[in-house]
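Chemist: Take a look and give me a structure for this.
(4 chains)
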Protein chains: 2
Amino acid sequence: MYLRYLEDLDGRGQHTASSDELAQLCGTTPAQVRKDLSFFGSFGKRGLGYPVHELSGRLREILGLEREWKVIIVGAGKIGAALANYGGFRQRGFRVAGVYDNSPEKIGHAWGDAIVRDISLLEEDLQGEESIIAVLAIPADDAQAVVDRIVAAGVRAILNFAPTQIIVPAHVSLKSVNMAIELEGLSFALTNGLGGTSAA
Amino acid sequence: MYLRYLEDLDGRGQHTASSDELAQLCGTTPAQVRKDLSFFGSFGKRGLGYPVHELSGRLREILGLEREWKVIIVGAGKIGAALANYGGFRQRGFRVAGVYDNSPEKIGHAWGDAIVRDISLLEEDLQGEESIIAVLAIPADDAQAVVDRIVAAGVRAILNFAPTQIIVPAHVSLKSVNMAIELEGLSFALTNGLGGTSAA
DNA sequence: AGGTGTGAATTATTTCACAGCG
DNA sequence: CGCTGTGAAATAATTCACACCT
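Modeler: Now for the predicted structure:
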């Protein structure tokens, strides 16, 4: 999140930013900003703030964003379609390298730039690939089986949109986004008069 | 999350579930399950576990899911399209009540069941509506302005897919989903050999 | 003056561990 | 006996506050 706003500021030609300023942009506190950043090093200059451009670069390194990551979309349904065509990936340096499905009706059909490939080709397609992130956009029932398969094929990072809990070996990173749960959280907040922001 | 798995179990005819079992399903610990649930009441029976069906019902009440919520999609782009047609909303009791945009090219066009409406109609459309959740699927630049507008129109819950920080008054609930940040988190994990699961 | 970096204090969350009920 | 509910203990995260640099 810091990176996003630092790049914004950099684009506007701002050379320096205080923890106060970053906190406002990110919706947090100055102390939080300083603690977070200090975990990775001492980037700031006392009396001045943080050097916007330089810190952007350092954060990109820390996040591993200096290389290009390939994203494969697994599941050629509605959500998969939206994700495959979503410009935001490319914009942030993630290249959609393929779309996979197991339904014969979908395999072979063109789909934006890509052609939907049989998921059983995944293993050979990924031979030697290191920088792969799989985005899962499949029904909950199939999710664990497909995950087992793509993990076996060597994928070590998964962004899961299937509305179910998924188990991965310790060496695999998994993040899950569950829209229904987000909505139900909002329902709870409204019902109980709560209000407030959360990143989810 | 508990509700999701309880409904699953209920559907399979299981009458009772221990904190251990729920913890496994949800990827957490038994102690966590018990603490979480005990916050809302004493639902379990010692020696037996939790009554699956009854607890489902109680959680639905607590979450405010006994009424039907209306969801409006704001932004008729790629993401908005996917969301509007996504079956998962209706399946969980959220009804897509309208799609709004400010682009003349999109307004009036049919779009799944709905017709894209001019965002300036929002205020009158929402007259007297209480149970509205807005899903934001618009570019980052427009996001804050549109939010101000829909908040002025009376919306009190927002699920934001725009990749930017948004500020809302204290009485409004906001949750944000930022796919680029999720991917960058995975990049970080891969780069630094971390692994592990996180709900996001 | 202005603003970071960081120990110390505070507050929040998770885990432990066990009394007590069915 | 099995399993919840819950105080107490252990961890983790956030905030404070201030020494110190520019």
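
Chemist: Check A:Gly128 and give its pLDDT.
Modeler: We have a pLDDT of 88 for A:Gly128.

Chemist: Assign a three-state SS to the nearest residue to A:Leu159 once chain neighbours are set aside, would you?
Modeler: Nearest residue to A:Leu159, sequence neighbours excluded (CB to CB, 6 or more residues apart in numbering or on different chains): A:Val135, at 4.7 Å. Where C-beta positions appear, they are placed from N, C-alpha and C, glycine not excepted. Counting by DSSP: H, G, I helix; E, B strand; the rest coil, the backbone at A:Val135 sits in strand.

Chemist: Domain map for chain A?
Modeler: Per automatic domain parsing, the structural domains of chain A span A:2-63, A:69-181.

Chemist: and the last one, how far from the chain's centre?
Modeler: Counting by CA atoms, centre = their mean, to the nearest Å, domain A:69-181 is centred 12 Å from the centre of its parent chain.

Chemist: And for the first one?
Modeler: Going by CA atoms, centre = their mean, the spacing between the C-alpha centre of domain A:2-63 and its chain's C-alpha centre is 20 Å.

Chemist: Pull up the distance across it, start to finish.
Modeler: 11 Å (CA to CA, to the nearest Å).

Chemist: Tell me which residue of chain A is furthest from the middle?
Modeler: No residue in chain A sits farther from the centre than A:Gly47, which is 34.5 Å out by CA atoms, centre = their mean.

Chemist: residues in contact with that one?
Modeler: Shown in contact with A:Gly47 (CB atoms under 8 Å, 6 or more residues apart in numbering or on different chains): no residues.

Chemist: Over to A:Gly41?
Modeler: A:Arg58.

Chemist: what residue ranges in chain A score low on pLDDT?
Modeler: Counting by pLDDT under 70, chain A contains low-confidence ranges at A:200.

Chemist: Quick check: residues of it near DNA strand C?
Modeler: Within chain A, the positions near DNA strand C by CB under 7 Å from any atom of the strand are A:18-20, A:30-31, A:34-35, A:37-38, A:42-50.

Chemist: taking the residues you listed one by one, which sit in helices?
Modeler: Assignment to helices by DSSP state H places the following of the residues of chain A next to DNA strand C there: A:Ser19, A:Asp20, A:Pro30, A:Ala31, A:Arg34, A:Lys35, A:Leu37, A:Ser38.

Chemist: Can you get me a residue count around the first one?
Modeler: Spelled out, it's A:Ser19. 21 (other CB atoms under 10 Å in any protein chain shown).

Chemist: Kindly report the same for A:Glu105.
Modeler: Using other CB under 10 Å, A:Glu105 has 9 other residues around it.

Chemist: How about the secondary structure of it?
Modeler: Here A:Glu105 is coil, with the state taken from three-state DSSP.

Chemist: Tell me which stretches of chain A form helices.
Modeler: Assigned by DSSP H, chain A shows helices spanning A:2-11, A:19-26, A:30-38, A:52-63, A:78-85, A:87-91, A:122-125, A:140-152, A:179-191.
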